[in-house]
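[1] take a look and give me a structure for this.
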Amino acid sequence: MSSTSTPPVPSRPARDVPVPAGFDITPHLSGLGAYIAGQANVILQLSWPGVGYGVMNSRVHDGSAMAHPIKRARTTFTYLAVAMLGTEEERTAYRRAVNGQHAQVVSTPEEPVQYRAMDPWLQTWVAACLYYGTVDIVEALHGPLPEAEADALYAYCARFGTTLQMPAEAWPTDRAAFARYWEEGLAEVSIDEPVRAMLMDLTMLRNLPRALRGTARFHLFMTTGFLPPVFREHMRLDWTPADQRRFERTLRRLGAVERRLPTRLRLFPFNALLWDLRRRLRRGLPLV
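    The predicted model follows:
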């Protein structure tokens with residue numbers, strides 16, 4: 001965590017966690033869920049100071065969500081698409097492209113928090129947050145998963161980390177081990193005022209042109225609803241029993257809508273972004 005030297009940039013993905021044969025990730029991917037819960041997951045990830053300060057103080061300015069929100073969203077959602085749906089060759093190519101930016105995200109000795117984006121320890125936390133959010137969305141919209149399906153999904157979601165620097169052995173061995181890891185990870189949560197202010201700007205859509213901020217109140221409501229209580233406390237966001245009832249009603253209605261959608265619409269924008277990645281690869285265009 002304290003090193004400020006730039007590490008080598010490996011080009012191949014790490015070994016993956018074994019997944020039961022025949023498992024299909026597509027029923028567990030939700031473009032709607034990513035929209036309504038995405039910012040809450042960003043807060044989970046950035047609640048670790050090494051991640052929060054790395055994003056806030058990144059010197060890769062063209063990847064800033066505040067300065068370039070559309071580009072940052074495309075890069076992030078393309079990563080999720082290729083990690084979950086891409087081939088090994090596509091994951092390798094995107095890993096190489098992302099590493100080129102991550103290698104530049106390294107703290108200076110003067111910063112209050114030391115970090116580097118290539119740190120497998122930090123990347124494991126980010127992967128854990130993405131897995132937590134995936135299950136949270138699926139179960140919030142459609143109810144609890146059967147045990148065998150939940151186990152298979154857990155193993156598959158290690159790809160959130162192994163597509164970058166997280167070694168497969170860093171992924172907790174099963175869901176019970178993950179639950180312990182998550183509880184221990186909560187002890188590392190610390191959102192100070194600079195990071196909180198940045199996260200609130202993102203939550204209230206202040207990085208978008210004023211004409212596109214009309215859904216900011218809904219965005220705040222859904223983000224707060226998807227945050228576990230400890231994260232709400234760190235973000236100083238209020239939540240009442242009436243809010244919870246309204247939140248659950250909204251999710252039931254959205255879940256009913258999503259179950260009626262054809263697969264191609266339910267997977268949007270992940271399928272579209274994977275198509276765009278393949279187009280960029282064929283044409284030799286930049287991936288990030």
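[2] what are the buried residues along the helix or strand containing Ala128?
    Using DSSP states H and E, Ala128 sits in helix 120-142. Of the residues in helix 120-142, those buried under the neighbour-count criterion (16 or more other Cβ atoms under 10 Å) are 122-138, 140-142. In short, each C-beta sits where N, CA and C put it, glycine included.
[3] tell me which stretches of the stretch 1-150 of the chain form helices.
    Taking DSSP state H, counting those that start in this stretch as the criterion, the stretch 1-150 of the chain contains helices spanning 31-46, 49-56, 69-85, 88-102, 120-142, 147-156.
[4] quick one: the second one to helix 69-85, angle?
    Note on geometry: by axes from the mean of the first three to the mean of the last three Cα atoms, to 10 degrees, helix 49-56 and helix 69-85 are set 130 degrees apart in direction.
[5] what helices or strands is helix 49-56 leaning on?
    With contacts defined as 3 or more Cβ pairs under 8 Å, 6 or more residues apart in numbering; DSSP states H and E, the secondary structure elements packing on helix 49-56 are helix 31-46, helix 120-142, helix 193-203.
[6] and of the helices of the stretch 1-150 of the chain, who's closest to Val195?
    Among those, helix 49-56 comes nearest to Val195, with 4.0 Å by Cβ to Cβ.
[7] quick one: that closest one to chain centroid distance?
    Distance of helix 49-56 from its chain centroid, counting by Cα atoms, centre = their mean, to the nearest Å, is 14 Å.
[8] ditto for stretch 39-50
    When distances are taken as Cα atoms, centre = their mean, stretch 39-50 is centred 9 Å away from the chain's centroid.
[9] and stretch 35-49, by the same measure?
    Chain-centre distance of stretch 35-49: 7 Å, with Cα atoms, centre = their mean.
[10] do the same with stretch 183-195
    Stretch 183-195 has its average C-alpha position 16 Å from the chain's average C-alpha position, going by Cα atoms, centre = their mean.
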